[in-house]
Every structure is written in C-alpha cells, then in structure tokens.
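Enquirer: I would like the atomic coordinates for the input below:
(one chain, ligands or ions: 1)
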Amino acid sequence: MKTMAGSEDQKFSLQEVLDTFKLCLSENKEVYLEQYVAGWRGLVKFLNSLGSVFGFISKDAVSKIQILVSYMKGENASHYATVQSMVKYELDNNLVDVNKKGSHPESGCRTLLRLHRALRWLELFLDRLRTSTEDSKTSALCAEAYNESLAQHHPWMIRKAAGMAFLVLPGRQTFFEVMNVGPPEQVVAKLGEALPLISEVYQITEDLYAQHNLLDLP
Ligand SMILES: CCCCCCCCCCCCC/C=C/[C@@H](O)[C@H](COP(=O)(O)O)NC(=O)CCCCCCCCCCCCCCC
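Expert: You can find the predicted model right below:
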C-alpha cells in the first residue's frame with residue numbers, strides 16, 4: 001500500500017488504458033470511437049514496452065488505428081463519433097464490402113471488427129491473469145485466450161508467429177510490474193474493476209455487429 005499516493009503522475013500505467021475503456025460508453029450505451037481508439041493506442045504502447053518481438057502485432061494494430069483515425073478526422077467525421085453512427089453511415093451509403101473484398105477493402109466497419117475480435121482476446125487474457133496464481137505462465141494464459149478467440153480468425157502462418165511471440169512474454173511477476181499499478185493484489189483488484197467495463201464495450205459492439213450481420217466482414 002506504500003506506493004499509492006501520486007501514482008497518476010508516474011510513467012505509463014495500465015490503469016490509464018483501462019480508464020479509457022470506462023470512458024467509451026455514452027449515457028445511452030453508444031461506443032465512442034475516440035475513446036475506443038485511445039484505449040488501443042495505450043495497449044499498443046504497453047505491447048511495445050514488452051519488446052520488438054511483438055512489433056508485427058503492434059504494427060497491424062497501429063495501421064488499423066490509423067485507418068479509423070483518418071475517418072474520424074476526414075470530411076465525414078461527424079458520422080464517425082460512435083461505433084453505432086459509423087455502422088449506420090457506412091451501411092446506408094454502401095461503403096462496406098459485405099461478402100467479398102471489393103471497392104471498400106478498408107471500411108471502418110471491417111477495420112473495427114479486427115480490433116473488436118482482439119478485444120475479446122484481451123478480455124479472456126486479463127481474466128486469466130486476474131485469476132492466475134504465482135506459478136502461472138503468462139505465455140500459456142495468453143495462448144489459451146488467443147486460441148479461444150482471435151486464432152479462429154487467423155490463418156496458420158499468423159497463428160504460428162503469434163504462438164512464438166507468446167513464448168517470450170515476461171513471467172507473471174515482471175508482467176505485473178510492467179503494468180505499473182502497484183503490488184500484485186492491487187493489479188488483481190484493478191483487473192477485477194476493469195473487466196466488466198471491457199466486457200460491456202465488447203458485448204455492445206458484438207450485439208450491434210450481429211444485428212447487422214457484420215461479424216464475418218472480409
Ligand atoms: C501481451 C501479449 C500480447 C499478445 C497479443 C495477442 C494478439 C495476437 C495477435 C496476432 C496478430 C498478428 C498480426 C496480424 C494480424 C492480421 O492478420 C489480423 C487480420 O487483419 P486483416 O484482416 O486486415 O488482414 N489482424 C488482427 O487480428 C488485429 C490484431 C490486433 C492485435 C492487437 C493486440 C494488442 C495487444 C495489446 C496487448 C496489451 C496487453 C495488456 C495486458 C495487460
């Protein structure tokens with residue numbers, strides 16, 4: 001408990017990232033794109049701090065973030081305030097390749113779907129970290145979470161590369177330290193607080209995408 005005061009002003013903390021997911025939801029449960037993207041930016045920063053082996057993963061995440069940001073700053077910015085308004089705008093204006101890649105290979109909808117699937121991985125991984133014990137292997141927790149989620153959308157080559165990257169993840173203790181939220185009990189508590197929020201953002205997006213048949217966008 002000795003390191004609690006003043007922790008806001010210290011270096012990168014996972015706390016901030018988790019907080020941005022808290023800010024994602026509007027009063028009527030729409031998902032703000034700006035906060036969603038900010039959450040991913042923070043996660044990428046965290047990933048980069050783990051080493052260059054993860055570069056191919058963070059590069060892909062960054063390019064997806066950039067696509068979304070360019071829409072959010074573009075001439076139709078007003079339609080890209082929330083995930084809901086983006087889906088409506090892109091569908092109403094035929095801006096989404098629905099069955100196979102065509103003239104809109106980088107729609108906001110398909111780009112966000114990739115991050116959305118990764119958010120499920122995050123939810124599963126964080127929950128495993130939360131309930132892990134001192135002798136748990138982060139690489140195993142990460143691989144399990146991945147196999148249950150993202151892996152199902154990835155070809156063999158990517159799965160192989162991801163599996164190899166997981167092997168060099170730091171151990172649980174170091175991992176918790178890099179998260180920079182305090183002693184292990186505090187990390188576990190933070191994860192317990194953050195998870196329901198991440199789950200809610202995930203579920204709202206999932207339901208929206210299911211409702212519009214967007215879960216398999218190419
Ligand atoms: C902490 C360990 C981090 C491990 C990250 C686990 C996720 C593994 C994902 C492997 C993705 C490999 C890169 C390529 C992906 C693309 O093929 C594929 C499909 O895109 P396409 O349809 O445009 O071709 N892209 C995707 O699925 C999007 C992947 C986005 C991954 C973002 C991962 C960010 C990880 C943040 C880690 C934060 C950990 C925090 C824990 C406290």
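
Enquirer: give me the below-cutoff pLDDT ranges for this protein.
Expert: Within the chain, the stretches with pLDDT under 70 are 1-12.

Enquirer: buried ones in the strand or helix carrying residue 45, by neighbour count?
Expert: In the assignment (DSSP states H and E), residue 45 maps to helix 33-49. Using 16 or more other CB atoms under 10 Å as the test for burial, helix 33-49 gives 33-44, 46-47. The way it works is simple: take the backbone N, C-alpha and C, and place the C-beta from them, glycine included.

Enquirer: could you redo those as a markdown table and give each row distance to residue 190?
Expert: Putting the buried residues of helix 33-49 into a markdown table (distance: CB to CB, whole Å) gives the following:
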| residue | distance to residue 190 |
| --- | --- |
| 33 | 25 |
| 34 | 23 |
| 35 | 18 |
| 36 | 20 |
| 37 | 22 |
| 38 | 18 |
| 39 | 15 |
| 40 | 19 |
| 41 | 19 |
| 42 | 14 |
| 43 | 15 |
| 44 | 19 |
| 46 | 14 |
| 47 | 18 |
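
Enquirer: now the residue nearest the centre of the chain, nearest residue through space, not along the chain?
Expert: By CA atoms, centre = their mean, the mean C-alpha position of the chain lies nearest to residue 119, the distance being 3.8 Å. Leaving aside its sequence neighbours, residue 119 sits nearest to residue 202 (CB to CB, 6 or more residues apart in numbering; 5.1 Å).

Enquirer: residues from the chain in reach of the ligand?
Expert: Residues of the chain lying near the ligand by CB under 6 Å from any ligand atom: 14, 43, 46-47, 56-57, 60-61, 114, 117-118, 121, 142, 146, 150, 158, 162, 169, 179.

Enquirer: narrow these to those that are buried.
Expert: For the residues of the chain next to the ligand, buried by 16+ other CB under 10 Å: 14, 43, 46-47, 57, 61, 114, 117-118, 121, 142, 146, 150, 162, 169, 179.
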